[in-house]
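Enquirer: Mind looking at a prediction? Sequence and model below.
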2 protein chains.
Amino acid sequence: MGKEIERKFLVDKAKWETFKKDLKAEKVQMIQAYIGRTALQTSPVRIKSKAGKESAYFTIKGNTKGITRSEFEYEIPVADAKAMIAEFCSKHIDKVRFTFDFQGTTWEVDEFTSPKAGLILAEVELKTENEEVEYPDFITQDVSTDPQYFNVNML
Amino acid sequence: MGKEIERKFLVDKAKWETFKKDLKAEKVQMIQAYIGRTALQTSPVRIKSKAGKESAYFTIKGNTKGITRSEFEYEIPVADAKAMIAEFCSKHIDKVRFTFDFQGTTWEVDEFTSPKAGLILAEVELKTENEEVEYPDFITQDVSTDPQYFNVNML
């Protein structure tokens, strides 16, 4: 169990492409679907594929209060995740996630393939809501609390 | 991941009390709540307490087809389960589960405390839908497919 404190931003594509050129980032293919959703939580299941190696996670995320929410995440067998998505999820998100360090902070940039092809979002996980971090130059609008950019709303 | 093939029965209380007298059964206090429910699945979280020792499980169960359904069960930290129930579940079931062997088959008898105080249900997990097993004498009506006896419908 934990708390997730996260800021999310839109990205200037041209600047991100330039930034990405010399970037040493972990690059992961992700499939993300939702087992369920209530007024109080969402339950994403994710399959990550990195250099041909797959791993899978089941998560329960509470409602966002400010930019903070509770998060319960468990690694599960990849075969379970595939069977769950096949049985319980009519739709899923495909995206590529780049994870890298910028000025001492870990950033994740998601390039969406389907749906929302072309959308790019950058996320930074903070230790406190007021933590000050350095922002890369490709960051534009803060959309942390905008529901249209919640992954669960993209399906 | 697995398949759960289960028959569920109402219980004759007097005969069960007699049967129970000499029974060597594992007796577990259970708290059961639901994180979510969609048309395709239910997601129970359970805390089991046996001789003062607690354990917790998160499960995703598919729809029952006949008496079979898919089941994905994971042991999780007890603290996670307690936090999930507090944040995501307005209600929960309290019951006492007796687990014992009868004629080579494992039976579970649930005595409900809240809600449905006084309700007793017996369950047997089968290897195939047509497996023949010996039935204890306290078994009465087969309610395997009766939605009013699904735990998720008791809350």
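Expert: Sure thing, it's come through.

Enquirer: contacting residues around residue A:141?
Expert: Residue A:141 makes contact with A:9-10 under the criterion CB atoms under 8 Å, 6 or more residues apart in numbering or on different chains. All C-beta spots, glycine's among them, are computed from the backbone N, C-alpha and C.

Enquirer: what's the spacing between it and chain B?
Expert: 30 Å (CB to the nearest CB, to the nearest Å).

Enquirer: Specify the local secondary structure of that residue.
Expert: Using DSSP: H, G, I helix; E, B strand; the rest coil, the structure places residue A:141 in strand.

Enquirer: quick one, helices of chain A?
Expert: A:13-21, A:78-88 (DSSP state H).

Enquirer: As TSV, those with distance to chain B would be great.
Expert: TSV is the format used below for the helices of chain A (distance: least, CB to the nearest CB, whole Å):
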stretch	distance to chain B
helix A:13-21	35
helix A:78-88	4
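
Enquirer: Highest mean neighbour count out of these?
Expert: Mean neighbour count (mean count of other CB atoms under 10 Å in any protein chain shown) peaks for helix A:78-88 among these, with a mean of 18.

Enquirer: got the contact list for the nearest residue to residue A:119 once chain neighbours are set aside?
Expert: Spatial nearest neighbour of residue A:119, chain neighbours left out: residue A:112 (4.3 Å); criterion: CB to CB, 6 or more residues apart in numbering or on different chains. Each residue near residue A:112 by CB under 8 Å, 6+ apart is listed here: A:93-95, A:118-121, A:154.

Enquirer: For PyMOL, write the select line for the buried members of the residues you listed.
Expert: The buried residues among the contacts of residue A:112 can be selected in PyMOL (16 or more other CB atoms under 10 Å in any protein chain shown) with this line:
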select buried, chain A and resi 93+95+119+120+121+154
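
Enquirer: Select from the contacts of residue A:112 every entry located in strands.
Expert: Using DSSP state E, the subset of the contacts of residue A:112 located in strands is A:93-95, A:120-121.

Enquirer: Out of those, flag the one nearest to chain B.
Expert: residue A:93 (17.5 Å; CB to the nearest CB).

Enquirer: So which of the ones in strands among the contacts of residue A:112 is the closest to residue B:74?
Expert: Of all these, residue B:74 sits closest to residue A:93, with 22.7 Å by CB to CB.

Enquirer: ok, and the closest non-adjacent residue to the closest one?
Expert: Closest to residue A:93 by CB to CB, 6+ apart is residue A:32, at 4.4 Å.

Enquirer: thinking again about what came up before, so what sits opposite the residue nearest to residue A:119 in the bridge?
Expert: residue A:95 (DSSP bridges).

Enquirer: Next up, the contacts around the residue in chain A that chain B sits nearest to.
Expert: Ranked by CB to the nearest CB, the top residue of chain A for proximity to chain B is residue A:36, at 3.5 Å. Neighbour list for residue A:36: A:42-43, A:88, B:35-38, B:41, B:43 [criterion: CB under 8 Å, 6+ apart].

Enquirer: And these, which of them are buried?
Expert: Here, 16+ other CB under 10 Å leaves A:42-43, A:88, B:35-38, B:41, B:43 buried among these.

Enquirer: from these, which single one is nearest residue A:150?
Expert: residue A:42 (8.0 Å).

Enquirer: Can you give me the pLDDT of that closest one?
Expert: The model reports residue A:42 with a pLDDT of 96.

Enquirer: my guess is it meets residue A:152, correct?
Expert: Yes. When contacts are counted by CB atoms under 8 Å, residue A:42 is listed as touching residue A:152 (4.6 Å).

Enquirer: Could you tell me which residues of chain A lie near chain B?
Expert: A:1, A:35-38, A:40-41, A:43, A:58, A:60, A:62, A:70, A:72, A:74, A:76-77, A:79-80, A:83-84, A:87-88 (CB under 8 Å from any CB of the partner chain).

Enquirer: where along chain A do the strands fall?
Expert: Under DSSP E, chain A gives strands at A:2-11, A:26-37, A:41-50, A:53-62, A:68-76, A:93-102, A:105-114, A:120-125, A:139-142.

Enquirer: quick one, what contacts the residue nearest the centre of chain A?
Expert: What sits nearest the mean C-alpha location of chain A, by CA atoms, centre = their mean, is residue A:110, with 6.5 Å. When contacts are counted by CB under 8 Å, 6+ apart, residue A:110 touches A:30, A:95-98, A:120-123.
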